[in-house]
Structures are given as structure tokens and as C-alpha cells.
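Participant: quick one: sequence and predicted model below, then my questions.
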Amino acid sequence: MIQTKTRKPLRYLVLILLAVIILGPFILGFWTSLLPTADIAKGALWSTHISFANYAEAVKQTAILRYLLNSFVISTLTMAAQLLFCSLGAYAFVFLKFKGRDLLFYLILATMMLPFEAEVIPNFATVRQLNLLNHYAVMVIPFLTSAFGIFMLRQAFRQIPPELKEAADVEGLNHWQFYWRVTLPYARISLFTLAAYSFLESWNQYLWPMLTTFSDKFRPVQDGLRQLQSQETFNNWGMIQASAVIVVVPTLIVLFVGQHYFKNGLNEGATK
Amino acid sequence: MSIELKALGKEYTAGNWVLEDVSAHIESGEFFAIVGPSGCGKSTLLRMIAGLIPISAGELQIDDQVATNLPPKDRKLTMVFQSYALFPFLSVTDNVAFGLKARKFPADEIKKRVDKAIDLVNLNEFKDRKPRDLSGGQRQRVALARAIASDVKICLMDEPLSNLDAQLRIKMRTELRNLQRELGLTVIYVTHDQVEAMTMADHIMVLHNHEIQQIGTPLDIYNRPANTFVASFFGTPRMNLLPARVEADKELLLANTLKLSVPEPLPVADYVVGIRPNALRLLPQGAGEPNAQVKTVEYLGSEIILEAELADGTPLELVAAAKDQYNVGDWLSVAIDGQAYVFDHDGQAQFMVEGGTRHATGNHASVQA
């Protein structure tokens, strides 16, 4: 590789550029959350009045902690449900043989092509009929499983060497035992990925909770944030920014913790 | 723990038989090899015995009990896979204990068995490692230990050594054989490697074209092949198969070149005569009429393999002493000096001639040992 020497700086330049584009707004947001609203309104970004006063205010004056709790409950439940149901679904599509299996799978895949916005009205009608509006259930039940999760785990389960199933058959493991003791540990990286993905997706939901929740008691963070802005006649931007940062922190934790598990090569050595 | 195969057959789609009429008796404590080229159905047969693939026809008995439709776990056997099939997220110890835990053995019993099995395969230092931190040979040993740890006495092995390098394979052959004897295991061993089968097995089943070609001891198979397939499959270098026709009253003419005298007159027909390279003698230069031309020369150190062509173009393999010098293009004079196998035009063994006398061959003598 003779080109390496000239290519490397170029690569880093592109990477740095991308990093600035992506991290810039975040850093700006974090910085403004430390400034008094008066300074932000004046556009004085290089202010020296740095403090955590906005954070204290956000916690005291708004229901941000309640929003966090709501989102945490909703996202955790959604994540757990998706892990369970997607893995069970994917298991059936890989290790069980039944008539119409592939057709059923393609049907599930096809639902991925339908944008969520298109499903909003029928879904809303359904949950209203079920009297689920303005409750945790309305934000969990429609998302108990996902076509994407089934698809992703099916791909992961298909990587399991057939010999492992045969070895388990010889030892007399039934489907539940094989699912629990071999499939899940083997595909744990994909499970972590799906867990992080479904948690974040649920955490970042905006449209659906906006339509189905009417009180701070059940409102999740993203809609809570919006609420902060419109409730005030005068927008306390410093406080809103502080709340936004508080809301982002859990997602960063999920990503950092998750990253630790996304290592390759964990399944090496099963077969040659 | 004997195993009886009674006319086993397998069809995946109606009328399309991948295996037909496979019958054999495998004694308790026997090392039984199933050999054949790739795609002959040997792995399918092993999986039918294991219960991983349903049996379409015939009956399987294990320990004198019908096991044709039993689920794998009730057949009281273990299996070692070509790819090892280790659980990558479990340590060596847990891999070996896997089956015992699944069968709900008491914890102290599991520990005892696992320790013993790991000790037998010399993996004591690696107990807590994960499969990814082991070499190929060590992984293979873990797979073996898993089979050994179980209390059952039948072990099915599907090409367990074929992923190892040549030297390790030879070493493991001996180890495997010793372990099998020591533990009194009944082993059914699938391989495509005829040398492995010859060196390890008590009995060999040769599979080809969906059918059993021959069952016998390694010596039987080598010395009395039932047909041309078996004859050419066993032995390196391969047996030469030469077209032959009746030339005179008690004489066959092979490839229009070599003469083979037979003890009694044969009906006029086409024959195939098999002669192993070591049963062909190279006459010293000048003696006899030159009848074969050297095409390639391979030096093996202890001997030389010559690929030659007879005068009519039929290829012929020969072995020569290492001290001699041969060049491509040399003309040699070759004579038959040893056993020659006479097959009919369908490749079925008729008899064997050695020094002008007739001996029976596999077809009639050793169909079932």
C-alpha cells in the first residue's frame, strides 16, 4: 500500500469534518444549556456567566423528572417485550418447520415497507376502542414486537451452525431449552443491538405519544420537551436546553454501554 | 451395545433414493468405518442412525431394540461432528458438561465425569478457556471429551479428523483408536479417507452410488475387493484397472499389451483386470520388450511413483525403487508379478490370480464378516 501515506490525512480530514457536523449542534446545545437565557436571547454565546442554574430550574419548575420516569418505563418495557417476542418469532422462522413459514415471514417483512405514519390512524382508532388512551399501555402495546427485530434476529439465528442444533438434538434438548441455552447466548450480540435499538427508538418516539397522551402523568420526554416550549409565553431557552441535555443523557449511556458489547469474534471457535 | 441396520433406505422425494438397502451388523465395542466418496450418502446414513434424519425404509436396532423412530436422545448415543459443534460461549468444562446437564445428572457426578474426560484427552490446562482460544486440534479434543463424558457406549463420528492438518491427523488417529479400545466404545466412523478407515477400523463399509459396495475387515477389502470401485478406492497408489479380453485358452490380454495366464479357460467376454502398482515388476533395461512409456515421475523419497502409458495408450501406475533413475519419455518393460484381480465387464469381482492359481475374491467370500 503505497497510497496509505497520502490517503491517511485525507481520511482523517473527512472524519473530522463529519465529526464536527454531527457533534457541533450537540456541543452548541450543551454550551447554551449552561448560559443564562438573557445572554442566549442577546446572541452572546461567548458569555462568561456559566452555571448549572438552568438544570436546577428545569428540575424544580418542570415535570422533566416525571417525563424521564415515563420514558424510562415505556422504553424498558418495549425493549424487554421486543427482545422476547422478536427472538421467539425469529426462532420459529429458523428452527421450526411448518407450512407457509416463508410466506409468513415475507408478509412480516412487507409490513416494514409501510411507514408508521400510515398506520397511525387505524392504530389510533384501535387503541381508543380499547380504552388505552393516555396510559403507558398505549405506548407499549403497539410496539411489543417489530418486523425489523424479527428480521434482524432471524438473520442472526441463521448464522448458528446446524451442527449445534444436531448436537443439541442428540443430547435431547427440546426447543425451549435450545432457544434459551444455545440460541440466545449465541446471538447475544444481535440481542444487545436490538435492545439498544428498540430502547432508543422508543425513547425518541414523538408522533405517537403526542397523539395518545394528554397529561404529564404519562407523557414521555420528547413530547415533554415540546410542552416546555409552548406552555411558556416567554421561552426560557436556557432551561429548555438544560432539559434537552437531561433527555439526551440516557441515550448516550445506552450507546456507550452498548458499544462495549458490540465486539466481533465472540462466536469464533464453534465450528471450523 | 450392538447396532443392526436392516435394509435401511432414505428418500427425500418420492422414488428418489439417496440410500438403498443398507444392512449391516455392528458388534459391541467395534470400530466400524463407513467410507465413500463425497456425496455417497455416508453422512446421511450416520444421521439416520443418530435420529437426526428420519429413516424412510427398513429397521434400525440398537442393543436389540427397535430404534427406527426413537428421538435422538433415546437412542443412547453421542456424536462428534466434523466441525466440532462446540458452544462458543461456554468454557471447555461447560462444553463437556453440556450433555450431562441437559440429561440432568447430579452435579457431583457431572464434575467427576467431566474431569475424567478432560483428563483423558489431555486438556487439563485449558479447562477454563473458550473454544476461540483453542487450536483446531484442541477443539477436536473438546468435542471428543464431550462424547466420552457421556455414559453411553455408542459414539457416532462424522469425519472428526478432516479439519486437522496432516501430522495432527495421524497422531489423533492413534489416540482415537486407543481411547475407543480403552473405553470399550462402539464407534461408527464416517470418513472419505480410505487410509483412515484402513488404519483404524475393525470393519469397513464401502458406500457408493447409494448402495453398499462391500463390508469387511480392512485386509479383506484390500485383498479381496468385491468390485472395481472398491478395488480402486483402497490403496495408494491406486490399483490399475486394465481392459482385458480372452486371447488364448488360458490367457487374457490386458490393454492389448500385457499377458495374464489364468488357471482355467474363461468364457469369451470383456473383462477388467486390476493390478496394484506393487504387483507390477519393472524389468531391468534391456531385458524384455519395452511396453510402457514414462509420462510423469514423482519422487517420494523411499520410492518413486511412475505414471506411464502402455503401448495402446492405457495409463498405468508403477512404483520403482528410489535408487533408480527415470526420465519422462523413457520406455520401460513391465511384467505382472503378483496378484491380479479379474472383474467382469460390470466391474464385479470374479477371482484373483496369483502365480497362475485362482483365489476367491470379496464378492463371494466376505460380504458380511
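Facilitator: Looks like it came in fine. Quick caveat, the model's predicted, so the values are computed rather than measured.

Participant: helix, strand or coil: sort out the residue sitting nearest the centre point of chain A for me.
Facilitator: With distances taken as Cα atoms, centre = their mean, residue A:200 lies nearest the centre of chain A, 1.6 Å away. Per DSSP: H, G, I helix; E, B strand; the rest coil, the secondary structure class of residue A:200 is helix.

Participant: hmm, it is touching residue A:250, no?
Facilitator: No: counting by Cβ atoms under 8 Å, residue A:200 stays clear of residue A:250, with 9.3 Å between them. To be clear about C-beta, it is placed using only N, CA and C from the backbone, and glycine gets the same treatment.

Participant: circling back: for the residue nearest to the centre of chain A, which non-adjacent residue is closest in space?
Facilitator: residue A:251 (5.7 Å; Cβ to Cβ, 6 or more residues apart in numbering or on different chains).

Participant: so that neighbour versus residue A:59, what's the distance?
Facilitator: As judged by Cβ to Cβ, to the nearest Å, residue A:251 and residue A:59 stand 19 Å apart.

Participant: output the longest helix belonging to chain A.
Facilitator: Counting residues, the longest helix in chain A under DSSP state H turns out to be helix A:64-95.

Participant: any idea which helix or strand comes after that helix?
Facilitator: helix A:101-111 (DSSP states H and E).

Participant: still on that earlier bit, so the residue nearest to residue A:200 is in contact with residue A:201, correct?
Facilitator: No: with contacts defined as Cβ under 8 Å, residue A:251 does not count as touching residue A:201, sitting 10.5 Å away.

Participant: where does chain A get nearest to chain B, residue-wise?
Facilitator: Closest contact between chain A and chain B, by Cβ to the nearest Cβ, is at residue A:172 (2.7 Å).

Participant: just give the number of residues close to that residue.
Facilitator: 16 (other Cβ atoms under 10 Å in any protein chain shown).

Participant: for chain B, which residues are neighbours of chain A?
Facilitator: Contacts of chain B with chain A, taken as Cβ under 8 Å from any Cβ of the partner chain, map to B:47, B:50-52, B:71-74, B:77-79, B:81-89, B:98-99, B:102-103, B:130-134, B:136, B:139, B:163.

Participant: which other helices and strands contact the longest helix of chain A?
Facilitator: helix A:101-111, helix A:136-140, helix A:147-158, helix A:175-178, helix A:188-203, helix A:221-231, helix A:237-261 (3 or more Cβ pairs under 8 Å, 6 or more residues apart in numbering or on different chains; DSSP states H and E).

Participant: need the distance between the two termini of stretch B:225-237.
Facilitator: 16 Å (Cα to Cα, to the nearest Å).

Participant: same check, this time on stretch A:43-52
Facilitator: 19 Å.

Participant: distance from the chain centre to that stretch, please.
Facilitator: 32 Å (Cα atoms, centre = their mean, to the nearest Å).

Participant: residue ranges with poor pLDDT in chain B?
Facilitator: B:356, B:362-369 (pLDDT under 70).

Participant: helices along that one, start to end?
Facilitator: B:42-50, B:92-102, B:107-120, B:136-149, B:166-183, B:194-200, B:218-223, B:228-233, B:362-365.

Participant: so which of those comes closest to residue A:259?
Facilitator: helix B:92-102 (27.3 Å; Cβ to Cβ).

Participant: which strands and helices sit next to the closest one?
Facilitator: Helix B:92-102 packs on helix A:162-171, helix B:107-120, helix B:136-149, going by 3+ Cβ pairs under 8 Å, 6+ apart.

Participant: including mean neighbour count, could the helices of chain B go into JSON lines?
Facilitator: Putting the helices of chain B into JSON lines (neighbours: other Cβ atoms under 10 Å in any protein chain shown) gives the following:
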{"stretch": "helix B:42-50", "mean neighbour count": "22"}
{"stretch": "helix B:92-102", "mean neighbour count": "23"}
{"stretch": "helix B:107-120", "mean neighbour count": "16"}
{"stretch": "helix B:136-149", "mean neighbour count": "24"}
{"stretch": "helix B:166-183", "mean neighbour count": "15"}
{"stretch": "helix B:194-200", "mean neighbour count": "20"}
{"stretch": "helix B:218-223", "mean neighbour count": "19"}
{"stretch": "helix B:228-233", "mean neighbour count": "22"}
{"stretch": "helix B:362-365", "mean neighbour count": "18"}
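
Participant: now do the strands in the stretch 201-350 of chain B.
Facilitator: Using DSSP state E, counting those that start in this stretch, the strands assigned to the stretch 201-350 of chain B run over residues B:203-208, B:211-216, B:240-248, B:251-254, B:258-261, B:270-275, B:280-282, B:292-299, B:303-310, B:315-321, B:331-332, B:334-336, B:339-344, B:349-354.

Participant: list of residues touching the last one?
Facilitator: The one in question is strand B:349-354. With Cβ atoms under 8 Å, 6 or more residues apart in numbering or on different chains as the test, strand B:349-354 has contacts from B:224-227, B:231, B:260-263, B:271, B:338-344, B:358-363.

Participant: and the angle from it to strand B:211-216?
Facilitator: 40 degrees (axes from the mean of the first three to the mean of the last three Cα atoms, to 10 degrees).

Participant: buried sites along strand B:349-354?
Facilitator: Buried residues in strand B:349-354, defined by neighbour count with 16 or more other Cβ atoms under 10 Å in any protein chain shown: B:349, B:350, B:351, B:352, B:353.

Participant: which strand residues bridge the first one?
Facilitator: When you say that, I think you mean residue B:349. Residue B:349 has these beta-bridge partners by DSSP bridges: residue B:343.

Participant: distance of it relative to chain A?
Facilitator: In this structure, residue B:349 and chain A are 37 Å apart, going by Cβ to the nearest Cβ, to the nearest Å.
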